[in-house]
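Q: take this sequence and fold it.
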Amino acid sequence: WRGVPAAEALGGGGLSGAGSLRGLVRGYFPALFSISLFELERSTQFGYYACATVAFVRGKVATFGGCDFELHLNSAAASHEGLLLALHQAARGRICFREHAFVPRPRVAPWLLAAMRLASLLEHGDGVGGGRTVVTLDIHDDAKLQDAQLRALHGRLRRERKEMMITWWLAEDGAADCLVSAPLPVPRLRQAIPDPAYHTSGSDGGPGLHAHMDAGLMVAQGSELRAALLRAHRGVPFKEFLRQYVLNVPNIPHGIEEMAWDCYFDEAGWPQLLPFTLFSVHRSLIAGRDTKDPFPSIPKGEKGVPVPAAGAGAALVPPGEALRRTREEFDIGRAMFGNALACCRHSQVLDCAADSEHARASGGRAVGQRVRGQRVDVEEQISMCTVCGGDEVDPDGDALLLCDGSVADGSPCPRTYHMRCLSPPLAAVPEGDWLCPSCAAVAPA
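A: I've put the predicted structure just below:
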């Protein structure tokens, strides 16, 4: 709480009765949210993602008291002054804009910007309490599901006294066949793969699927893991490791941030990192893409790019002061023929966009990452609450209920619920077959 104004910690109403202090501070979460936004040449979608960023910042300020933001932008996105003022306004001034200029090839590396946000996870190992909590998130995810999962994952870190929560996705090869040669050592991976055909179909006799980190939701805290990584790499931070990783490569593919991150950890040596690390599936649902204007409350200017609300921008940036901005050139070298990056087949099995389509079409909230084929369904074995995103039994004994119904194609319903998350909540595990709200709504009387 050091340095936090009392008015912000307690809110405008102050204290009003016994027990209210605990209620007021329950939402206090002074994390640093590290996010990214880039604009591509001739893109028609930048207005949507810019509005999603403003909505993301607004939502996190309202939900997690005491939080700050680092927004990583390429030069094209950073040129929208009205957008920066709108974001400054949404963050109540607690945001730093970090522009990254990729030289000498500014247009070849948009996906590198997503990697810049990851570097922040490892750059805050010193400070009050042994290092700041840093969170990387996708700005376009459904906020309610995202916030619930963040609370659940951060709660696990605290209870188990770990420092890094790495979420993951599955790729269609065994670990020994990974093109990057740096699969994550996710424990009990077979439990995430209900189809026995994949359990021993890898060339090494292991599972025929392997895991890579998912940059869409990561949490880091403490200092020991961060220090161990630096020692193992002889003081080379992740950002410099990334620069060397992509130097002179003609084509920098989608997913490069995840590949580089896994290699950075793998080369440091997982045996010394695992005592500080937890793994979890990332549940995601893309927000607002099925409506004509998913962000009606955000003032917009040219091409749908947000602008500050009337009269508010000037009040938040007084005369003589400037937005907090930095600019860094990131040298990726000239393209050299023959250089290529091995990149895993990104999201060949799981696809959050397809998940979003399925969830909305079925009237459900979300069922986790959805399978493109028919052979693998992560959610059948990894039980995660459909409402809050928690993937474990509540410490107070609140069970996860598995639905006994079926979806439209006849396969078992993958939804699970904490008893407390149902409406109305259940006090005890029901006897016999139990149908989730979605299946109950379509079941015959």
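Q: endpoint to endpoint, stretch 184-203 covers what distance?
A: In stretch 184-203, first residue to last residue: 17 Å (CA to CA, to the nearest Å).
Q: that stretch: which residues count as buried?
A: For stretch 184-203, the neighbour count (16 or more other CB atoms under 10 Å) marks 184-186, 189, 192-195, 198-199, 201-202 as buried. For every residue, glycine as well, the C-beta is placed using N, CA and C.
Q: mind listing what's buried in the helix or strand hosting residue 145?
A: Per DSSP states H and E: residue 145 is located in helix 143-160. Within helix 143-160, the residues that count as buried by 16+ other CB under 10 Å are 143-154, 156-157.
Q: present the buried residues of stretch 184-203 as TSV; the columns should include secondary structure, pLDDT and distance to residue 121.
A: TSV is the format used below for those (DSSP: H, G, I helix; E, B strand; the rest coil; pLDDT from 0 to 100; distance: CB to CB, whole Å):
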residue	secondary structure	pLDDT	distance to residue 121
184	coil	95	15
185	coil	95	19
186	coil	93	18
189	helix	85	23
192	helix	76	24
193	coil	76	28
194	coil	69	32
195	coil	75	33
198	helix	81	31
199	coil	86	32
201	coil	85	33
202	coil	84	30
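Q: distance from stretch 406-425 to the middle of the chain?
A: With CA atoms, centre = their mean, to the nearest Å as the basis, stretch 406-425 stands 24 Å off its chain's centre.
Q: buried residues in that stretch?
A: Quick answer for stretch 406-425 (16+ other CB under 10 Å): 407, 413-419, 421.
Q: spatially, which two of those are the most separated?
A: Greatest spacing in the buried residues of stretch 406-425, by CB to CB: 407 and 419 (22.0 Å).
Q: which secondary structure elements does the helix holding residue 145 contact?
A: helix 46-63, strand 134-137, strand 164-171, strand 210-220, strand 277-281 (3 or more CB pairs under 8 Å, 6 or more residues apart in numbering; DSSP states H and E).
Q: apply 6 Å and report the result again.
A: Of the remaining helices and strands, none touches helix 143-160 by 3 or more CB pairs under 6 Å, 6 or more residues apart in numbering; DSSP states H and E.
Q: wasn't residue 258 part of a helix?
A: Yes: the assignment for residue 258 is a helix, going by DSSP: H, G, I helix; E, B strand; the rest coil.
Q: is the most centrally placed residue in the chain in a bridge, and if so with what?
A: When the chain is reduced to its mean C-alpha position, the closest residue under CA atoms, centre = their mean turns out to be residue 217, at 2.0 Å. With DSSP bridges as the criterion, residue 217 is bridged to residue 137.
Q: contacts only, for it.
A: Neighbouring residues of residue 217 by CB atoms under 6 Å, 6 or more residues apart in numbering: 137, 167, 282.
Q: what of residue 260?
A: Contact partners of residue 260, counting by CB under 6 Å, 6+ apart, are 242, 245.
Q: roughly how far does it sit from residue 91?
A: 28 Å (CB to CB, to the nearest Å).
Q: distance check, residue 74 against residue 119.
A: On the measure of CB to CB, residue 74 and residue 119 end up 15 Å apart.
Q: make that residue 400, sorry
A: Distance of residue 400 to residue 119, given as CB to CB: 35 Å.
Q: which of these two has more neighbours?
A: residue 119 (22 against 18; other CB atoms under 10 Å).
Q: leaving out sequence neighbours, find the closest residue to that one.
A: For residue 119, ignoring the flanking residues on the chain, the nearest one in space by CB to CB, 6 or more residues apart in numbering is residue 239 at 4.5 Å.
Q: is that neighbour within a helix or a strand, and which one?
A: helix 238-246.
Q: buried ones in stretch 251-269?
A: 252, 255-266, 268.
Q: could you measure from the residue lying closest to residue 140 once chain neighbours are set aside over to residue 115?
A: Using CB to CB, 6+ apart and skipping the chain neighbours, the partner closest in space to residue 140 is residue 52 (4.6 Å). According to CB to CB, residue 52 stands 20 Å off from residue 115.
Q: neighbours around the residue nearest to residue 119, how many?
A: 18.
Q: same check on the one 4 residues further on?
A: When neighbours are counted by other CB under 10 Å, residue 243 registers 19.
Q: one more: residue 232?
A: 16.
Q: quick one: mean pLDDT over stretch 135-154.
A: Mean per-residue pLDDT for stretch 135-154: 90.
Q: start to end distance for that stretch?
A: Using CA to CA, one end of stretch 135-154 lies 10 Å from the other.
Q: again, but for stretch 221-237
A: 17 Å.
Q: give the buried residues for that stretch.
A: Within stretch 221-237, the residues that qualify as buried are 221-223, 225-226, 228-230, 232, 237, counting by 16+ other CB under 10 Å.
Q: of residue 52 and residue 115, give the one with the bigger neighbour count.
A: residue 115 (27 against 24).
Q: pull the CA atoms of the helix or strand hosting that one into PDB?
A: Following DSSP H and E, one finds residue 115 within helix 110-119. Provided in PDB are the C-alpha atoms of helix 110-119 (Å, rounded to 0.1, in the frame of the first residue of the first chain):
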ATOM      1  CA  PRO A 110       4.300  -6.500 -35.700                       C
ATOM      2  CA  TRP A 111       4.200  -9.700 -33.600                       C
ATOM      3  CA  LEU A 112       7.400  -8.700 -31.900                       C
ATOM      4  CA  LEU A 113       5.400  -6.100 -30.100                       C
ATOM      5  CA  ALA A 114       3.400  -8.800 -28.300                       C
ATOM      6  CA  ALA A 115       6.800 -10.000 -27.000                       C
ATOM      7  CA  MET A 116       7.600  -6.600 -25.600                       C
ATOM      8  CA  ARG A 117       4.800  -6.900 -23.000                       C
ATOM      9  CA  LEU A 118       6.200 -10.200 -21.800                       C
ATOM     10  CA  ALA A 119       9.600  -8.600 -21.000                       C
END
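Q: now do it, average pLDDT.
A: Averaged across helix 110-119, the pLDDT comes to 88.
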